[in-house]
Each structure stands twice: as C-alpha cells, then as structure tokens.
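S.K.: Using only what follows, build the 3D model:
(one chain, ligands or ions: 1)
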Amino acid sequence: MTETLTLPQATSTGASALDARGISAWFGGRKVLSRVSLEMPAGRVTALIGPSGCGKSTFLRILNRMHELIPGAELAGEVLLDGEDIYARGRRLTDARRRIGMVFQKPNPFPAMSVYDNVTAGLKLTGVRASGAVKDDLVEECLSKAGLWKEVRDRLRQPGGALSGGQQQRLCIARSLAVRPRILLMDEPCSALDPTSTRRIEETIRDLAEEVTIVIVTHNMQQAARVSDQCAFFLAEQGTPGRIVEHGPTPAMFSAPSDRRTADYVEGRFG
Ligand SMILES: Nc1ncnc2c1ncn2[C@@H]1O[C@H](COP(=O)(O)OP(=O)(O)OP(=O)(O)O)[C@@H](O)[C@H]1O
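M.R.: Residues are numbered from 1 along each chain as shown. Next up is the predicted model:
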C-alpha cells in the first residue's frame, strides 16, 4: 500500500538538530571513517572541510541513509534527528529522505521536465499529496527561497535543462525544499559553478539557514568561512580511516584553531 501524506505547513522554525554519534564506515571491508561524532545544531550551517578522500562525502551520505545503497558499504553508529535515530529498527528510508534533503556537486535537474515540474517532482517521489493551487504556491515559495523566482517566473513551463548551471543548481535547491525538509545536505554545491553563481548560492544558503539546518561539504576555505557557523575538519592520516581532528565555531577554526593540522589545512599548507 502506498502511503499518502499531506505537505507540512511552512513555518519559520522547521529546522531540526542532527547529531551523529560514533559513526564508522566501511567499503568492501575497508574502514574509511572511524568513530566520528558531530552535533549539527538546528538552524545553523555546518561546513565539513578536509583533504580529498578523508570521508566527508561518505559522512554526508550517512546522514540521510544514502550510504546503505552502495553495494559493499557498511556503517556503525547513530544519527539522531531531533533525538531519534534515523537508523532505528522500523524507521523507513523514505522518512529520512523526506526530512533530510540533499543537493549534489553537479546540478541534476530533470532536463526535459519543466521548471515547475522539477520543483514538484519530489512530492510524488516521497508520497506527498498536494492540490493544484497548493502546488502553485509551493513552486513560488520554493523558487523564491532558492533565490530563483524572479529569474524564472515567466519561464515556469520551459525545460529545467534550458537554465544556466547556477540557475539549475538553485532549481535543485528549490526541488529539495518542496518537501519541506528539516535538514539540507550539500555536497560541494558550487564546485561546478562560476564565481557569480557561487556567490548567489552562498547567499541562498545564508537565507535558508534560519529555517533549515544545513550541512555543506566544501573544498573552498573562503566559502566555509563565508557561509558556515561551525566547521568540522576531517583528516585520514597515512592510510588510517577518516576522523574529525577538530570542530568548533567557524571564526575560531580559522583564526585560532587548537590543532596544528587544522591551522596547516585552513591556511592552505596541504590538501
Ligand atoms: N563507492 C565507493 N566504493 C569504494 N570506496 C569508496 C566509495 N566511495 C568512497 N570510497 C572511498 O572512501 C574514502 C572516503 O571517500 P569520500 O568520497 O567520502 O571522501 P571525501 O573526503 O568526500 O573526498 P573528496 O573531497 O575527494 O570528495 C576514500 O578512500 C574513497 O576512495
């Protein structure tokens, strides 16, 4: 039986806290993350930083149960969404997906689908029912929040693939917002974009932060400094699994990190 849900009301306090506890991860028996714990407070932007291969994306995928879809992938630990483990027995994958959205490195709208249908696409996939008028309002609301409404309000029936790269990424953000997630995960969302589009997305991230908790992976230290409230520095030293070396408020991580390796990384001496 397919479950049908109605759309949650838009509120200004929809953000949730996410708390990862003792997360370890393996691919085909190779351990890539070891006992990573991190609290991601409600309504804040958390940036995950660190050199390539230290497990940031793996950690991010564990936060919305995407890791378990990879053949040979395993994990241990807990991910608490407002205190409840998304991996607890009986919890459904679709539940986690609805509450914890994800935006990827490369903009991935449905290219032949209209801008309008791209925004509402997530509703069907997550079993949410909405009437035509509700959908119209939702499309405007989500495109506005993603900072795209003014640019596409007259092009809602054009294909998503006809937008620029930066617009496509904001369309993907709007699509994620349509199911009213409490958390938005972003895996290097600007790495395929030009500087102007990057700044536009960064503004969007800051605007969204009040109502959705954001966790962003970025290799761009200036970006981490501009958009995040707190940072976690991941490192996998000499073939060991990735760990968090240090985490804390962003200004402190950049101006007075307590670990020398954090200082070396944020100042660009390695990675
Ligand atoms: N699907 C997979 N199968 C096997 N190993 C994987 C898979 N995905 C990632 N890994 C391995 O897990 C480790 C962590 O990778 P991950 O992509 O999480 O790191 P990252 O810090 O996000 O890197 P980057 O910054 O380059 O994106 C790496 O050693 C990588 O090779």
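S.K.: In space, what's closest to Leu171 - neighbours in sequence excluded?
M.R.: Pro109 (5.0 Å; C-beta to C-beta, 6 or more residues apart in numbering). (Glycine included, C-beta is placed from N, CA and C.)
S.K.: how far away is that neighbour from Cys142?
M.R.: 13 Å (C-beta to C-beta, to the nearest Å).
S.K.: okay, and the common contacts of those two?
M.R.: Arg175 (C-beta atoms under 8 Å, 6 or more residues apart in numbering).
S.K.: quick one on the thing from earlier: look at the residue nearest to Leu171 and report its pLDDT.
M.R.: On pLDDT, Pro109 comes in at 96.
S.K.: residue ranges for the helices of the stretch 51-200 of the chain, please.
M.R.: Secondary structure of the stretch 51-200 of the chain, counting by DSSP state H, counting those that start in this stretch: helices at 56-63, 93-99, 115-125, 132-145, 149-152, 165-177, 195-208.
S.K.: before we move on, back to that, my read is that the residue nearest to Leu171 contacts Gly160, right?
M.R.: Yes - the criterion here is C-beta atoms under 8 Å, and Pro109 meets it with Gly160 at 3.6 Å.
S.K.: Spell out which residues are contacts of both of these two.
M.R.: With C-beta under 8 Å, 6+ apart as the test, Pro109 and Gly160 both reach 118, 168, 171.
S.K.: ok, the closest residue in space to Arg226 that isn't next to it in sequence - contacts?
M.R.: Counting by C-beta to C-beta, 6+ apart, the nearest residue to Arg226 once its immediate chain neighbours are dropped is Glu202, at 5.8 Å. Counting by C-beta under 8 Å, 6+ apart, Glu202 makes contact with 190, 223, 226-227.
S.K.: Now a ChimeraX select for only the buried ones of the residues you listed.
M.R.: Buried residues within the contacts of Glu202, by 16 or more other C-beta atoms under 10 Å, are selected in ChimeraX with:
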select :190,223,226,227
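S.K.: Helices - which of the contacts of Glu202 land there?
M.R.: Cross-referencing the contacts of Glu202 against helices under DSSP state H gives 223, 226-227.
S.K.: what residues are up against the residue sitting nearest the centre point of the chain?
M.R.: Compute the mean C-alpha point of the chain, and by C-alpha atoms, centre = their mean the closest residue is Leu185, 0.9 Å away. Neighbour list for Leu185: 60, 63-64, 100-103, 214-216 [criterion: C-beta under 8 Å, 6+ apart].
S.K.: The ligand contacts on the stretch 51-200 of the chain?
M.R.: 52-58, 70 (C-beta under 6 Å from any ligand atom).
S.K.: Narrow those residues to those that are buried.
M.R.: 54-58.
S.K.: between those, which is nearest Thr262?
M.R.: Among those, Cys54 lies closest to Thr262 (C-beta to C-beta), at 12.6 Å.
S.K.: circling back to that earlier point, include distance to Gly147 and pLDDT when you put the buried ones among the residues of the stretch 51-200 of the chain next to the ligand into a markdown table, please.
M.R.: Formatted as a markdown table, these follow (distance: C-beta to C-beta, whole Å; pLDDT from 0 to 100):
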| residue | distance to Gly147 | pLDDT |
| --- | --- | --- |
| Cys54 | 31 | 97 |
| Gly55 | 31 | 97 |
| Lys56 | 25 | 98 |
| Ser57 | 25 | 97 |
| Thr58 | 29 | 98 |
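S.K.: just to revisit the earlier point, let me know the closest of the contacts of Glu202 to Leu81.
M.R.: Leu81 lies nearest to Val227 out of those, by C-beta to C-beta, at 22.0 Å.
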